[in-house]
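J.: can you look at this prediction? I've put the sequence above it.
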Amino acid sequence: MSTNASPADPLATLGALPGVTDSVDSVRQAVDRVYGHRVMRRRSAEITSEAALRGARASAALSGADWALEEVRRRTDFSGEPEARTVGAALRLAAEAGQLLSIWRQSPLRVLARLHLVAAGGAAEDVSVGRPRLAGETVDEPLIEAPLPGADEVAGRLDGLAGLVIGGTAAPALVSAAVVHGELLALRPFVSCNGLIARTAERIVLIGSGLDPKAICPAEVGHAEQGRAAYVAAFEGYLSGTPEGMAAWIAFCGRSVGLGVRESTAVCEALQRGAA
């Protein structure tokens, strides 16, 4: 992450970039609307469960396993071929995210290590699971082809990211979530599953910040719905480190949350009609 932000609270400076306030306001209004839906008063647990499933499916699609929702719902065995393992990893991460909220603010690096352990399962060599990659280790990350930072840079920037999380910020949740997501995509700190982990970390920030405490607004759905090309293009804005690029990435993430809200609103409407 490269900005001209104040060292006291660099994320708050991002929140003041042109257009970011509008994105933040739009997201808050959309989230408030779905939380006010009458179905949420009595069936919120069902919406949470469905949002997790749909978010996991979408995140897996961005990592190269674009399965139909009903196929994800139907399957019980996610071992075997690479796509099945990717979907299985996304589902496990979605289930794990809610268990790590309290730890995230105290020890985000511990949470990231846990997420890699959960995602990798038995697919990676034991020595590489749950720790940042070492010099010379390769990274298997579909979709993201940006230059890969060296291991020393990864370690330093992870420490910096952890400091931002632990130190707290006055920035809106959308800004914090977008930066965590973008920085982890940029670093790709593990030998595998980095995209899945980055999107799960974004989810953790959105939930833990209080913006989406019931986890019913899956940004992953919106990332996938906008398309892989748009996702990569917006991420390149983050990589640029320019105010315009950072604002564009935050706006993209905001639209993704809005599309996740739309998805869950449709689920609420279906439950209300008795169709789901």
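T.: Ah, there it is.
J.: from here on, contacts and neighbour counts on C-alpha atoms
T.: Fine.
J.: avg pLDDT for stretch 258-265?
T.: Per-residue pLDDT over stretch 258-265 has a mean of 98.
J.: check stretch 178-195 too.
T.: pLDDT averaged over stretch 178-195 gives 97.
J.: so how far is the first residue of it from its last?
T.: 13 Å (C-alpha to C-alpha, to the nearest Å).
J.: so which residues make contact with that stretch?
T.: Contacts with stretch 178-195, where a contact means C-alpha atoms under 8 Å, 6 or more residues apart in numbering, come from 1, 59, 63, 116, 119-120, 124, 128-133, 137-141, 144, 146, 148-149, 151, 154, 157, 161, 197-199, 201-202, 235, 238-239, 249-250, 253.
J.: filter these to the buried ones?
T.: 1, 59, 63, 116, 119-120, 128-133, 141, 144, 148, 151, 154, 157, 161, 197-199, 201-202, 235, 238-239, 249-250, 253 (16 or more other C-alpha atoms under 10 Å).
J.: excluding chain neighbours, what is closest to Ala198?
T.: Nearest non-adjacent residue to Ala198, counting by C-alpha to C-alpha, 6 or more residues apart in numbering: His181, 4.8 Å away.
J.: again with Val232
T.: Ile144 (7.1 Å).
J.: find the helix or strand that that neighbour is a member of.
T.: Using DSSP states H and E, Ile144 maps to neither a helix nor a strand.
J.: and it, how close does it get to Gly64?
T.: In terms of C-alpha to C-alpha, Ile144 sits 11 Å off from Gly64.
J.: circling back to that earlier point, the residue nearest to Ala198: which element?
T.: helix 173-187.
J.: next, the contact list for the residue sitting nearest the centre point of the chain, please.
T.: Nearest residue to the geometric centre of the chain (C-alpha atoms, centre = their mean): Arg199, 2.0 Å. Arg199 makes contact with Ser59, His181, Glu220, according to C-alpha under 8 Å, 6+ apart.
J.: one more time with 10 Å, if that's ok
T.: Neighbour list for Arg199: 55-56, 59, 90, 93-94, 177-178, 180-182, 184-185, 218-220, 223 [criterion: C-alpha atoms under 10 Å, 6 or more residues apart in numbering].
J.: same check, this time on Val87
T.: 56-61, 63-67, 72, 78-79, 93, 119, 196.
J.: kindly report the same for Gly150.
T.: Arg133, Leu134, Ala135, Gly136, Glu137, Leu187, Pro189.
J.: what's the nearest residue to the first one if we skip its chain neighbours?
T.: Counting by C-alpha to C-alpha, 6+ apart, Phe190 is the residue found nearest to Arg133 once chain neighbours are left out, at 5.0 Å.
J.: now that neighbour: how far from Ala84?
T.: Computed as C-alpha to C-alpha, the Phe190 to Ala84 distance reads 20 Å.
J.: ok, His116 next?
T.: Taken as C-alpha to C-alpha, the span from His116 to Ala84 is 17 Å.
J.: ok but the residue nearest to the centre of the chain is inside a helix, no?
T.: Yes: assessed by DSSP: H, G, I helix; E, B strand; the rest coil, Arg199 belongs to a helix.
J.: what about it, distance to Gln272?
T.: 30 Å.
J.: below-threshold pLDDT in this structure: ranges please.
T.: Across the chain, the ranges flagged by pLDDT under 70 are 1-7, 122-125, 275-276.
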